[in-house]
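Peer 1: model the structure of this input:
(2 chains)
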Amino acid sequence: MGKLICNQDKVNESNVQELLKVCPFGAIEYIDGKIEVNAGCKMCKICVKKGPTGVMEFVETEAVKVDKSLWKGIGVYVDHVEGVIHPVTMELIGKAKELAAVVNFPVYCVFIGYNIKEKAKELLYYGVDEVFVYDYQELEDFRIEPYTAAFEDFVNKVKPSSLLVGATTIGRSLAPRVAARFKTGLTADCTMLKMKENTDMVQIRPAFGGNIMAQIICPNTRPQMSTVRYKVMNAPERQCDPKGKITICEIDKSKLASNIEVLKVTKKEFQEDISDAEVIIAVGRALKSEKDMAMVKELADLLHAQIAGTRKLVEEGWIEAKKQIGLSGRTVKPKLIITLGISGAVQFAAGMNSSERIFAINTDKDASIFNIAHYGIVGDIYEIVPQLIKDIKSSGAEYCVR
Amino acid sequence: MDILVCIKQVPGTAKVEVDPVTGVLKRDGVDSKMNPYDLYALETALKIKEQEGGVIKVISMGPPQAKDVISEAYMMGADEGALVSDRKFAGADVLSTSRTISEGVKKMGKIDLILCGKQTTDGDTAQVGPEMAEYLGIPHIANVLKIVEIKEKSVIVEMDMPNTIEVAEVKFPCLLTVEKDIYQPRLPSYKEKLITKDREIKIITLNDFDDKDEKKYGLSGSPTQVERIFPPSVNNDRETWTGSGEQLSFKIAAKLKQLKFV
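Peer 2: As a prediction, the model looks like this:
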């Protein structure tokens, strides 16, 4: 917490240009002989560090501190549709247990829905200490006001230090609402989470389109909140014996009112989802024409793989938008991914760099994809792929289950 | 019907480089544009106006040069616009930004419907829309795929849920964040540019807010703090293969077999 001040007396004709130029956001202006900082300032403080000595100063101000000892435990929001628990929930439980171990916290789940009491038992096989269940007919459909109210009730009752929410369609709508209600911080799409001894959660996420990682903390408010995408963290093994307990919570029904009425629910047709794929063939810019998708398809079929690609391919209309990997598309974490002619811009890499095995084929030996590939193959996809198809076919056995 | 569209000026490119000498992010200050996802929100507003009539207002938050995106919205057909701008808003995180824009929204007169894009291309959090709805005390629906019907006191929308498409009716006032491709955004029109070139862009500063407590805005009002930034990790455990196409494909096939993928 703090603010920038300018020591106007130290500004002169000789250093003013240097000062204006040092700001990467163009937020410093010189108006009527006075330095002004405009709203473009991102508080990067580079003007303090690298600007003319003594001109810009950062003054710390005392922030209102929260009593952290009153907030204990790590809460995981149980993401589900009609009681069917989304696997991101187990992944978050796994991470919550790791974080909790550092500061000796319990791990809680908050489960909000209708007719879910039985389903809550499943969570106890993953090492949760206590599951708080809000089971009301008003919570049958996901509607923002009653869900936020139940979540709020949980936070007030349990006072969890940290909350983890899956970055699903529901989580991305619910988590910000809860964060704003508690006037607390929420970091979206964290890729790494760590716990400090003082119970501050260190949250790391890609920033500026994924070219830079930002390490974020939320030191003066509780609960501290993060959303995490599916397939980023690892789920714990399911235990043979359940542990922990289930607490059925009551909430004043008047709090479950909503201005939203769900009129109709239609099941989506089953769609192949690259987020769930075990093997992916990803195609990029090097593909010359749509007809060349045929060889990609043949290779994919041989490896029982799904086809995905870069934004370029979506723009060309050669693959569907939901098959796009990257920050603006899907995050994937397959056991095997083979990238064909993809240079590996960070925005793409961020969506697949936690894949278990990365094979990358590209003609440019300096392509950044080779920084993350386990097997970097410098070559032309038009020479390699047709031959590879033949080689795999001739190797006899088509596929074997791991 | 009064519709408010939230728009943001974002860098024209996602490419950010780190200056090797100073270790500072290099950003081209000149190259900026309207957040592409906001175009879909604006187009949705224009389509509703064509059908139902009404007034389209746009609001943005940012430095003075962010006026450009409001001018651009005028060229597409927006009627009124305001920029929430004050150096005291500098360094705002999601919560602080949401609070600030919400205070600005209160200065925009009567609003029935607020439309936001699904996310921005620079912050990429998709959180400001829902947090604003909370500050304004109105319901929100995210992931709107389609506007089905505008009624007198409500709107019926199709929303994208994990396994289903839900049709829901939500009462005004409310906030919707719309998916990409809800409608194809129109291009700014030269004719509109001429008509609107002198149209006022209202500037809303902290002094205009109901809640003028400086500590609640900008960096001071931000619960999250960026401790440090660092380049993404590079996996050094890797092999590079070179050779002819035939050699390489043979090697790949052998490795895939060894790893039991074939």
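Peer 1: could you use CA atoms for every contact and neighbour count after this?
Peer 2: Noted.
Peer 1: all helices of the chain, in order?
Peer 2: I'll assume chain A. Along chain A, counting by DSSP state H, helices occupy A:13-22, A:46-50, A:88-103, A:117-120, A:144-158, A:171-181, A:293-302, A:311-316, A:346-349, A:369-372, A:381-394.
Peer 1: please go with chain B instead
Peer 2: Using DSSP H, helices in chain B cover B:36-52, B:67-76, B:94-105, B:128-136, B:190-196, B:245-258.
Peer 1: which strands or helices does the second one pack on?
Peer 2: Counting contacts by 3 or more CA pairs under 8 Å, 6 or more residues apart in numbering or on different chains; DSSP states H and E, helix B:67-76 packs against strand B:55-61, strand B:80-84, helix B:190-196.
Peer 1: the first one too?
Peer 2: For helix B:36-52, the contact count by 3+ CA pairs under 8 Å, 6+ apart identifies strand B:2-6, strand B:55-61, strand B:113-117, strand B:174-178 as packing neighbours.
Peer 1: quick one on the thing from earlier: now mean pLDDT, mean neighbour count and distance to A:L263 too, for the helices and strands packed on helix B:67-76, in CSV please.
Peer 2: Formatted as CSV, those follow (pLDDT from 0 to 100; neighbours: other CA atoms under 10 Å in any protein chain shown; distance: least, CA to CA, whole Å):
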stretch, mean pLDDT, mean neighbour count, distance to A:L263
strand B:55-61, 98, 25, 28
strand B:80-84, 97, 24, 34
helix B:190-196, 94, 14, 39
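Peer 1: which among the ones you listed is found nearest to B:A253?
Peer 2: Of all those, strand B:55-61 sits nearest to B:A253, with 53.8 Å by CA to CA.
Peer 1: now check the closest one, is it near chain A?
Peer 2: No. Using CA under 8 Å from any CA of the partner chain, strand B:55-61 stays clear of chain A, coming no nearer than 8.7 Å.
Peer 1: report the angle between that strand and helix B:36-52.
Peer 2: If you take axes from the mean of the first three to the mean of the last three CA atoms, to 10 degrees, strand B:55-61 sits at 160 degrees to helix B:36-52.
Peer 1: so who does residue 56 touch?
Peer 2: Picked chain A for this. A:4-7, A:47-48 (CA atoms under 8 Å, 6 or more residues apart in numbering or on different chains).
Peer 1: could you do chain B instead?
Peer 2: Counting by CA under 8 Å, 6+ apart, B:I56 has contacts B:2-5, B:45-46, B:49, B:78-80.
Peer 1: list the helices and strands the longest strand seen in chain B packs on?
Peer 2: Secondary structure of chain B read by DSSP state E shows that its longest strand is strand B:140-150. Strand B:140-150 sits against helix B:128-136, strand B:154-160, strand B:174-178, with contacts defined as 3+ CA pairs under 8 Å, 6+ apart.
Peer 1: let me know which of these is the nearest to chain A.
Peer 2: Minimum separation from chain A across those (CA to the nearest CA) falls at helix B:128-136, 5.1 Å.
Peer 1: check whether the closest one contacts chain A.
Peer 2: Yes. Using CA under 8 Å from any CA, a contact is recorded between helix B:128-136 and chain A, made by B:128, B:130-131, B:133-135.
Peer 1: related to what we said a few turns ago, let me have the helices and strands packed on helix B:67-76 in JSON lines, extended by distance to A:T339.
Peer 2: Output for those, formatted as JSON lines (distance: least, CA to CA, whole Å):
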{"stretch": "strand B:55-61", "distance to A:T339": "39"}
{"stretch": "strand B:80-84", "distance to A:T339": "44"}
{"stretch": "helix B:190-196", "distance to A:T339": "43"}
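Peer 1: what's the closest of these to B:D93?
Peer 2: Evaluated over the helices and strands packed on helix B:67-76, closeness to B:D93 peaks at strand B:55-61, with 12.5 Å, by CA to CA.
Peer 1: what's the angle between the closest one and strand B:113-117?
Peer 2: Interaxial angle of strand B:55-61 relative to strand B:113-117 (the same axes, to 10 degrees): 50 degrees.
Peer 1: now the angle between helix B:94-105 and strand B:55-61, please.
Peer 2: Put simply, strand B:55-61 runs at 140 degrees to helix B:94-105, going by the same axes, to 10 degrees.
Peer 1: out of the helices and strands packed on strand B:140-150, flag the one nearest A:P52.
Peer 2: Closest approach to A:P52 among the helices and strands packed on strand B:140-150 is made by helix B:128-136 (35.9 Å; CA to CA).
Peer 1: give me the nearest residue to residue 229, chain neighbours excluded.
Peer 2: The chain I'm using is chain A. A:A167 (4.6 Å; CA to CA, 6 or more residues apart in numbering or on different chains).
Peer 1: other chain: chain B
Peer 2: Nearest residue to B:I229 in three dimensions, chain neighbours excluded: A:A214, at 4.5 Å (CA to CA, 6+ apart).
Peer 1: right, and that neighbour touches B:V226 too?
Peer 2: Yes. With contacts counted by CA atoms under 8 Å, A:A214 reaches B:V226, the gap being 6.5 Å.
Peer 1: of these two, who's got more company?
Peer 2: Ranked by neighbour count (other CA atoms under 10 Å in any protein chain shown), A:A214 and B:V226 place A:A214 first, with 22 against 15.
Peer 1: who are the contact partners of A:V385?
Peer 2: Contact analysis of A:V385 by CA under 8 Å, 6+ apart lists A:295-296, A:299, B:249.
Peer 1: what's the pLDDT at it?
Peer 2: In this prediction, A:V385 carries a pLDDT score of 95.
Peer 1: returning to that earlier point: report the buried members of the contacts of A:V385.
Peer 2: The neighbour-count test (16 or more other CA atoms under 10 Å in any protein chain shown) marks A:296, A:299, B:249 as buried among these.
Peer 1: hey, what's B:K146 bridged with?
Peer 2: Using DSSP bridges, the beta-bridge partners of B:K146 come out as B:E158.
Peer 1: on that earlier part again, in JSON lines, list the residues of helix B:128-136 next to chain A along with pLDDT and neighbour count.
Peer 2: Below are those laid out as JSON lines (pLDDT from 0 to 100; neighbours: other CA atoms under 10 Å in any protein chain shown):
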{"residue": "B:V128", "pLDDT": "97", "neighbour count": "29"}
{"residue": "B:P130", "pLDDT": "98", "neighbour count": "30"}
{"residue": "B:E131", "pLDDT": "98", "neighbour count": "29"}
{"residue": "B:A133", "pLDDT": "98", "neighbour count": "24"}
{"residue": "B:E134", "pLDDT": "98", "neighbour count": "25"}
{"residue": "B:Y135", "pLDDT": "98", "neighbour count": "19"}
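Peer 1: read off the pLDDT value for A:A149.
Peer 2: With respect to pLDDT, A:A149 has a value of 98.
Peer 1: correct me if wrong: it contacts A:S258.
Peer 2: No. A:A149 is beyond contact range of A:S258, at 10.3 Å (criterion: CA under 8 Å).
Peer 1: these two: which has the busier surroundings?
Peer 2: For A:A149 versus A:S258, neighbours defined as other CA under 10 Å are more numerous around A:A149 (19 against 16).
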